[in-house]
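Q: This is a predicted model, with the sequence first.
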Amino acid sequence: MKNDENLYKVESILSLSKKETGFKERISEIVLSKLDKGSIICWLNHTLLFGIIKEGNIRIYPKDLPIFEKHLIRLRAFNEMEELYIWKDCNDFHYRYRIDKDHTGQEQDFIEAHQILLGTKITPLENEFSKVSEKRGVQFIIPSKWLSNKQIDNNHKIVLNTRNYIVYNDIGQASFFDSRFLSIGLEEVELNEE
């Protein structure tokens with residue numbers, strides 16, 4: 001993210017998207033059937049959880065997975081190549097699974113964006129996790145793997161990288177029709193002080 005000259009460059013990629021609707025259970029099973037490694041962010045009724053998918057397991061802090069079927073609002077499990085997005089609508093769950101660079105996919109234009117997460121202090125915890133906090137009261141627990149053994153400072157921030165897919169209407173106007181998470185971690189940044 002150090003160089004902003006390509007920040008909003010439109011690029012193309014082969015991408016394939018699959019959807020399933022109307023299921024009520026099997027959340028963990030579906031996640032692990034689609035991704036064998038990556039990151040996961042879960043929005044629950046009462047909290048936000050960050051974790052990793054590794055060796056056929058979903059690892060979050062503390063060790064126990066929540067009852068997804070009862071508390072999940074939405075979930076994104078992702079890595080550089082793919083994302084599984086699950087959301088709840090009324091009493092049913094739905095998902096969209098997107099994989100990029102799939103030879104059977106369609107060519108899609110996209111723009112990548114980089115979002116800086118709040119946090120100025122890192123406190124190591126047990127089980128390979130760390131608490132990120134700041135004086136404003138913001139705090140969240142993330143996998144220590146995302147921090148690359150560095151500290152947050154003016155030049156290093158936790159960055160969420162997203163890919164935003166573009167569609168064009170009949171008269172050539174562009175709009176975003178889908179987006180997915182690519183990666184999250186500590187990166188070197190240049191902040192514009194204006």
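A: Sure thing, it's come through.
Q: what is residue 165 paired to in the beta sheet?
A: Counting by DSSP bridges, residue 165 forms beta bridges with residue 110, residue 178.
Q: contacting residues around the lengthiest helix in the chain?
A: Taking DSSP state H as the criterion, the chain has its longest helix at helix 27-34. Identification of contacts with helix 27-34 by CB atoms under 8 Å, 6 or more residues apart in numbering yields 23, 40, 53, 56-58, 65, 68-69, 72, 75, 77, 82, 84, 86, 93, 95, 97. For every residue, glycine as well, the C-beta is placed using N, CA and C.
Q: what about the strands in this protein?
A: 11-23, 38-44, 48-54, 57-60, 72-78, 82-89, 92-100, 106-116, 121-124, 129-133, 139-143, 156-168, 174-188 (DSSP state E).
Q: Tell me which of those approaches residue 149 most closely.
A: strand 174-188 (9.0 Å; CB to CB).
Q: tell me what the helix or strand bottoming out on mean pLDDT in the chain is packed against?
A: Taking mean pLDDT, DSSP states H and E as the measure, the chain has helix 68-71 as its least confident helix or strand, at a mean of 86. Secondary-structure packing of helix 68-71 (3 or more CB pairs under 8 Å, 6 or more residues apart in numbering; DSSP states H and E): helix 27-34.
Q: Could you rerun that using 10 Å?
A: Under the contact definition 3 or more CB pairs under 10 Å, 6 or more residues apart in numbering; DSSP states H and E, helix 68-71 sits against helix 27-34, strand 38-44, strand 82-89.
Q: The last one - contacts with which helices or strands?
A: In this case it means strand 82-89. Packing partners of strand 82-89 (3+ CB pairs under 10 Å, 6+ apart): strand 11-23, helix 27-34, strand 38-44, helix 68-71, strand 72-78, strand 92-100, strand 174-188.
Q: Pull out the buried positions in the shortest one.
A: Same thing as helix 68-71. residue 68 (16 or more other CB atoms under 10 Å).
Q: same thing with the first one?
A: Applying a neighbour-count criterion of 16+ other CB under 10 Å, one finds 15, 16, 17 buried in strand 11-23.
Q: will you turn those residues into a markdown table that also has distance to residue 159 and pLDDT?
A: Output for these, formatted as a markdown table (distance: CB to CB, whole Å; pLDDT from 0 to 100):
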| residue | distance to residue 159 | pLDDT |
| --- | --- | --- |
| 15 | 22 | 94 |
| 16 | 26 | 93 |
| 17 | 25 | 93 |
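Q: Show me which of those is closest to residue 188.
A: Once CB to CB is applied, the member of those that ends up nearest residue 188 is residue 15, at 28.1 Å.
Q: is that closest one in a bridge, and if so with what?
A: Here residue 15, judged by DSSP bridges, has bridge partners residue 100, residue 106.
Q: Not counting residues beside it along the chain, what's closest to residue 95?
A: Leaving aside its chain neighbours, residue 95 sits nearest to residue 86 (4.5 Å; criterion: CB to CB, 6 or more residues apart in numbering).
Q: The one you found is in contact with residue 41, isn't it?
A: No - the pair residue 86 and residue 41 fails to qualify as a contact (CB atoms under 10 Å) at a distance of 11.1 Å.
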